[in-house]
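Q: Here's my sequence, what's the structure:
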Amino acid sequence: MEVLKAANRRQAEGHDVLHMEVGEPGGGPPPRAVAAAAEALKNGTRIGYTEANGVPSLRARVARHYRDAYGVTVDAARVVITTGSSAGFLLGFLAAFGDGARIGVSEPGYPAYRNVIESLGMTAVGIPTDAAARFQMTPAMLDAALPLDGLVVASPANPTGTMLSASALAETARWCAAHRVRLISDEIYHGITFGTPAETALASSPEALVVNGFSKYYAMTGWRIGWMVVPTDLVGAAERLSQNLYISPPTLSQIAAEAAFDDTAFLDAKVAGYARTRAHLLEVLPRAGFDRLAPADGAFYLFADVSALTGDSAAFCERMLRETGVATTPGIDFDPVRGNRFLRFSIAGPAEDMKKAADRLIDWRKRL
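A: Predicted coordinates:
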């Protein structure tokens with residue numbers, strides 16, 4: 001967000017910026033979602049409070065999604081609609097854990113996990129991963145982090161884009177069961193994969209707490225709508241927390257989200273665009289010196305080890321923005337210990353902008 005502020009200041013001063021810093025899908029939301037929202041407003045549909053856990057029809061549609069996409073049966077009563085996946089993590093952590101709980105998070109990993117956990121009076125236990133493990137946690141790494149009350153996994157992951165195979169995810173679920181650790185699976189980037197589809201944790205752990213939403217694959221970031229699938233013992237707690245923290249998810253967004261499930265042709269075309277951009281950047285970024293990239297199995301990120309170029313990725317990103325107009329994210333957000341050696345490219349912007357950014361970086365590196 002600080003990089004985005006700097007990029008916006010640069011634009012306000014009349015300079016152009018090519019945005020590779022923010023994890024936001026390019027283009028608009030699904031047309032069917034927009035049409036459903038417009039129709040609801042046109043017809044005078046009441047846009048008032050809904051049930052705290054969401055409207056029943058959307059909850060049922062989410063449950064059907066698990067059957068259609070993964071072959072997993074989910075009771076709609078376990079589905080909780082949230083104000084974005086961000087609210088899902090807040091509700092999930094509060095429902096599942098008490099003060100002082102120790103929750104494992106990957107380093108590098110999405111910084112909001114750590115920040116939300118710490119803000120709730122819990123302890124985020126950083127678990128260092130490495131390129132040899134494809135930046136995913138292994139049972140040996142988890143053993144070294146014990147004791148834990150919970151564990152957050154993400155596949156595909158932010159910032160690396162790497163995935164756990166179905167067997168590795170199942171192994172992680174078995175480890176959690178054996179050590180009485182509650183598994184929280186962030187599946188927000190499901191649908192955006194470049195090869196093997198992502199597997200849900202529910203396939204191997206019916207008691208997992210799963211968080212997903214409509215911001216990434218469904219390209220509905222500003223609609224602030226997401227969901228959780230929670231174990232039966234947490235449904236009531238999630239509902240009471242929702243009632244008190246924000247009453248209910250936004251009604252119009254719930255109407256649009258239900259329609260978004262039926263716009264897969266539009267959404268898959270968007271993913272195909274990410275795939276083309278990914279392939280191009282994997283080919284050309286090494287020419288700019290970014291030749292140590294994490295395997296980008298999914299999501300829309302490329303995570304680069306830039307230790308051969310700099311020991312301070314924040315300063316490096318600042319200089320790159322100033323001299324090329326290309327905005328990227330330093331790795332320190334994702335890994336407070338080793339992040340000064342990494343940076344993240346978000347590749348979800350317009351394809352021409354992504355190509356132009358790569359060309360600028362190649363030219364910049366030649367001139368250094």
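Q: How about residues contacting stretch 54-68?
A: 53, 72-82, 200, 202, 227, 229, 248-249, 251, 254, 257-258, 261 (C-beta atoms under 8 Å, 6 or more residues apart in numbering). C-beta here means a position set from N, CA and C on the backbone, and glycine is covered the same way.
Q: Then stretch 350-361?
A: 18-20, 26-27, 273, 276-277, 280-281, 284-285, 288, 290, 320, 324-326, 347.
Q: and the contacts of stretch 54-68, which are buried?
A: Buried subset of these (neighbour count, 16 or more other C-beta atoms under 10 Å): 53, 72, 74, 76, 78-82, 200, 202, 227, 229, 248-249, 251, 254, 257-258, 261.
Q: where exactly do the strands run in the stretch 51-200 of the chain?
A: Ranges of strands in the stretch 51-200 of the chain, per DSSP state E, counting those that start in this stretch, are 79-82, 102-107, 123-128, 150-154, 182-186.
Q: Just say which of those is most tucked in.
A: strand 79-82 (a mean of 27; mean count of other C-beta atoms under 10 Å).
Q: helices or strands up against it?
A: If you count contacts as 3 or more C-beta pairs under 8 Å, 6 or more residues apart in numbering; DSSP states H and E, strand 79-82 packs onto helix 56-70, helix 84-96, strand 226-229, helix 235-245.
Q: now what about the second one, what contacts it?
A: Right, helix 84-96. With C-beta under 8 Å, 6+ apart, helix 84-96 has contacts from 80, 82, 101, 103, 112-113, 116-117, 120, 122, 150, 182, 184, 186, 188, 209, 211-213, 215, 224-228, 230, 234, 237-238, 241-242, 245-246, 249.
Q: Can you get me a residue count around Gly331?
A: Gly331 has 24 neighbouring residues, counting by other C-beta atoms under 10 Å.
Q: got any ranges where the stretch 51-200 of the chain has weak pLDDT?
A: Low-confidence segments of the stretch 51-200 of the chain (pLDDT under 70): none present.
Q: Which among the helices and strands packed on strand 79-82 is found nearest to Arg367?
A: The closest of the helices and strands packed on strand 79-82 to Arg367 is helix 84-96. By C-beta to C-beta, the value is 40.3 Å.
Q: on that earlier part again, just the contacts of stretch 54-68: which are in helices?
A: With DSSP state H as the criterion, helices contain Thr251, Gln254, Ala257, Glu258 from among those.
Q: what would these look like in TSV with distance to Ser167?
A: TSV is the format used below for the ones in helices among the contacts of stretch 54-68 (distance: C-beta to C-beta, whole Å):
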residue	distance to Ser167
Thr251	41
Gln254	36
Ala257	32
Glu258	33
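Q: Kindly format the C-alpha coordinates of stretch 117-130 as PDB.
A: C-alpha atoms of stretch 117-130 as PDB (Å, rounded to 0.1, in the frame of the first residue of the first chain):
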ATOM      1  CA  ILE A 117      -3.300 -12.400  14.400                       C
ATOM      2  CA  GLU A 118      -1.200 -10.100  16.400                       C
ATOM      3  CA  SER A 119      -3.900  -7.400  16.600                       C
ATOM      4  CA  LEU A 120      -6.200 -10.000  18.200                       C
ATOM      5  CA  GLY A 121      -3.800 -10.700  21.000                       C
ATOM      6  CA  MET A 122      -2.600 -14.000  19.500                       C
ATOM      7  CA  THR A 123       0.900 -14.900  18.400                       C
ATOM      8  CA  ALA A 124       1.900 -15.300  14.700                       C
ATOM      9  CA  VAL A 125       4.600 -17.900  14.600                       C
ATOM     10  CA  GLY A 126       6.700 -17.300  11.500                       C
ATOM     11  CA  ILE A 127       7.800 -20.500   9.700                       C
ATOM     12  CA  PRO A 128      10.700 -19.900   7.300                       C
ATOM     13  CA  THR A 129      10.400 -21.600   4.000                       C
ATOM     14  CA  ASP A 130      12.800 -21.700   1.100                       C
END
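Q: so Thr328 makes contact with Ala314?
A: No. Assessed by C-beta atoms under 8 Å, Thr328 is found out of contact with Ala314, at 10.6 Å.
Q: Tell me which of the two has more neighbours.
A: Taking neighbours as other C-beta under 10 Å, Thr328 and Ala314 compare with Thr328 leading, 27 against 18.
Q: Report the central residue of the chain.
A: Closest to where the C-alpha atoms of the chain average out (C-alpha atoms, centre = their mean) is Ile188, at 4.8 Å.
Q: Next, work out how far apart it and Gly44 are.
A: In this view, Ile188 and Gly44 are 33 Å apart by C-beta to C-beta, to the nearest Å.
Q: Repeat that for Gly325.
A: On the measure of C-beta to C-beta, Gly325 and Gly44 end up 47 Å apart.
Q: And the two? Which one has more around it.
A: Each of Gly325 and Gly44 has its neighbours counted (other C-beta under 10 Å); Gly325 has more, 19 against 7.
Q: How many neighbouring residues does the nearest residue to Leu234 once chain neighbours are set aside have?
A: Spatial nearest neighbour of Leu234, excluding adjacent residues (C-beta to C-beta, 6 or more residues apart in numbering): Ala95 at 4.6 Å. Using other C-beta under 10 Å, Ala95 has 22 neighbouring residues.
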